[in-house]
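In: Sequence plus the predicted model coming up.
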Amino acid sequence: DTNTNFTLAIEDLTVSFDGFKAVDALNFYLDKNELHVVIGPNGAGKTTVLDLICGKTKSTEGSIKFLNKELTKMAEHEIVRAGVGRKFQTPSIYENLSVLENLEISYPYGRGVYGSLTFKRNKTVLDKIHEIAKQIMLDDALDTEAGLLSHGQKQWLEIGMLLIQDPQLLMLDEPVAGMSVKEREQTAELLNKISEGRSVLVIEHDMEFVERIADKVTVLHQGKILATGDMETVQNDPKVIEVYLGH
Ligand code: ADP
């Protein structure tokens with residue numbers, strides 16, 4: 001197998017909804033340290049691809065290999081445990097808990113530190129919380145109730161809640177939607193750092209933001225890849241220009 005070095009290798013992936021192919025024989029590869037942005041018009045199949053990877057939607061055909069595990073046969077919670085983190089547009093944080101508590105309860109129970117009735121704050125976990133809090137720019141807000149954070153800070157907290165589980169693949173759906181200019185800049189820096197040592201897959205519409213973060217861009221159209229490569233190559237692709245200008 002020539003694709004064993006990729007973090008994620010998607011081959012011939014198809015999903016049909018009542019005969020309509022939302023994703024059509026897709027081949028897609030993602031390396032470690034790669035921040036890959038998927039763009040494309042509404043209905044192109046972007047969300048469906050992420051749903052297929054995290055197991056929310058089951059494929060009709062094809063394979064999704066993640067660190068050489070076949071994901072198409074696994075349940076959603078097994079896929080999370082295998083190291084895939086997904087952030088949706090609406091943050092699912094606990095508004096009445098502090099930033100610290102939100103991070104703490106997201107620490108993986110399976111790794112044997114928390115989850116017992118003899119629950120005790122543990123130095124390993126606290127160190128990790130501080131490290132992540134710094135990364136997501138909330139180290140001064142550890143005791144703040146999450147509900148009081150700004151919109152952007154809530155998004156970062158949710159990213160932190162995923163990071164504390166140490167995913168090897170992090171998927172983000174429109175991470176800067178509704179953010180201020182400053183918050184967008186900070187998020188770009190955050191995502192660039194996060195992609196060191198792991199793979200990041202982002203759906204994004206804001207092309208200025210895409211340009212700032214993307215190592216690679218893939219344009220989806222009608223469930224198929226129209227173009228893939230670096231930003232410049234993709235932007236100058238005649239097929240891409242036609243799809244974007246022709247609508
Ligand atoms: P995008 O995220 O690029 O806007 P989606 O992946 O949400 O596109 O949708 C791709 C196509 O698949 C759309 O035409 C959508 O209506 C259809 N679709 C997505 N999920 C389902 C579903 N569960 N049942 C039926 N059709 C679906």
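Out: Thanks, I have the structure now.
In: neighbours of R121, just the number please.
Out: Per other C-beta atoms under 10 Å, the neighbour tally for R121 reads 10. For glycine as for every other residue, the C-beta is placed from the backbone atoms N, C-alpha and C.
In: which SS state does the nearest residue to it once chain neighbours are set aside fall under?
Out: Once flanking residues are discounted, R121 sits nearest to E104: 7.8 Å by C-beta to C-beta, 6 or more residues apart in numbering. Three-state call for E104 (DSSP: H, G, I helix; E, B strand; the rest coil): helix.
In: I'd say E104 and I132 touch.
Out: No - E104 is beyond contact range of I132, at 10.6 Å (criterion: C-beta atoms under 8 Å).
In: that older thread, separation between the residue nearest to R121 and the ligand?
Out: 33 Å (C-beta to the nearest ligand atom, to the nearest Å).
In: In three-state terms, label the most centrally placed residue in the chain for me.
Out: The residue lying closest to the centre of the chain (C-alpha atoms, centre = their mean) is M171, at 1.1 Å. Here M171 is recorded as strand under three-state DSSP.
In: Tell me who's in contact with it.
Out: With contact taken as C-beta atoms under 8 Å, 6 or more residues apart in numbering, M171 is in contact with L50, I53, C54, V84, G85, R86, K87, V200, L201, V202.
In: ditto for F28
Out: L8, A9, I10, L13, V49, T218, I225, T228.
In: got it, and N33?
Out: Contacts of N33 by C-beta under 8 Å, 6+ apart are S195, E196, G197, R198, S199, D215.
In: If you rank those residues by neighbours, which is first?
Out: With neighbours taken as other C-beta under 10 Å, the top of those is S199, carrying 26 neighbours.
In: Please tell me how far it sits from N42.
Out: As for S199, its distance to N42 is 25 Å (criterion: C-beta to C-beta, to the nearest Å).
In: Skipping its backbone neighbours, what lies nearest F6 in space?
Out: Nearest to F6 is Y29, by C-beta to C-beta, 6+ apart, at 4.7 Å.
In: Fine by me, we can end here.
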